[in-house]
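Student: Pasted the sequence and its predicted model underneath.
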Amino acid sequence: MIDETGKQIGIMPIYDALRMAQERNLDLVEVAPNAQPPVCRITDFGKFMYERTKKEREAKKAQKTIEVKELRVRPKTNWYHTGFKLKRVREFLQAGNKIRVRVLFRAREITHLTIGRDILEKVAVELADAATIEQPPQLDGKSLVMLLTPGPMKGGAEAARAIVRNAKIVVPSPEETP
């Protein structure tokens, strides 16, 4: 039991605590129900709820949400045009966002996964000073996907190139595809 000034009164039966709160024209609020024994405080309930929501709002402001932005490229996209997109990706990385780089394949383009791997390698090397590869290239349906996080790559461009080249891309056999 804690009184309105914050002084600990001690352990007491609930009816005594309720009577004490009523004498002071305040409320008895259970602040730690899981504690042994449960902790109660004599306070104004409205003020207590206001302070609690205020603390929750402050905690929510302090949280930083990380968004996952996506860069979509096709195998036939000219590297010149991809350069414009990379400028925007750098801005997203500086803002603290993760980047999913996706090479979209259509129809028979999926047979040329090396082109997609080369594109992802160029992107990783280009962004090695601003991004780290969190997830190496993987085949996801009809696209090749790589995930980048903010922060420079340890080992630089060569490490990024090695990660992309050594990634195991499992291609489903024609019998496995629906």
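Tutor: Happy to help now that I have it.
Student: Local confidence estimate at residue 90?
Tutor: Residue 90 carries a pLDDT value of 91.
Student: Who are the packing partners of the strand or helix carrying it?
Tutor: Following DSSP states H and E, one finds residue 90 within helix 79-94. When contacts are defined as 3 or more Cβ pairs under 8 Å, 6 or more residues apart in numbering; DSSP states H and E, helix 79-94 packs onto strand 68-73, strand 98-104, helix 113-126, strand 143-150. From N, CA and C alone the C-beta is placed, and that goes for glycine too.
Student: Can you give me the buried ones in it?
Tutor: Buried residues in helix 79-94, counting neighbours by 16 or more other Cβ atoms under 10 Å, are found at 82, 86, 89, 90, 92, 93.
Student: Could you export that helix as PDB, CA atoms only?
Tutor: Taking C-alpha atoms only, helix 79-94 is exported to PDB below (Å, rounded to 0.1, in the frame of the first residue of the first chain):
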ATOM      1  CA  TRP A  79      21.500   0.500 -66.000                       C
ATOM      2  CA  TYR A  80      21.300   4.200 -66.800                       C
ATOM      3  CA  HIS A  81      17.700   4.200 -65.600                       C
ATOM      4  CA  THR A  82      18.500   2.100 -62.500                       C
ATOM      5  CA  GLY A  83      21.000   4.800 -61.500                       C
ATOM      6  CA  PHE A  84      18.200   7.300 -60.900                       C
ATOM      7  CA  LYS A  85      16.400   4.800 -58.700                       C
ATOM      8  CA  LEU A  86      19.600   4.200 -56.700                       C
ATOM      9  CA  LYS A  87      19.800   7.900 -55.800                       C
ATOM     10  CA  ARG A  88      16.400   7.600 -54.200                       C
ATOM     11  CA  VAL A  89      17.400   4.300 -52.500                       C
ATOM     12  CA  ARG A  90      20.400   6.100 -50.900                       C
ATOM     13  CA  GLU A  91      17.900   8.700 -49.400                       C
ATOM     14  CA  PHE A  92      15.800   5.900 -48.000                       C
ATOM     15  CA  LEU A  93      18.900   4.200 -46.500                       C
ATOM     16  CA  GLN A  94      20.000   7.500 -44.900                       C
END
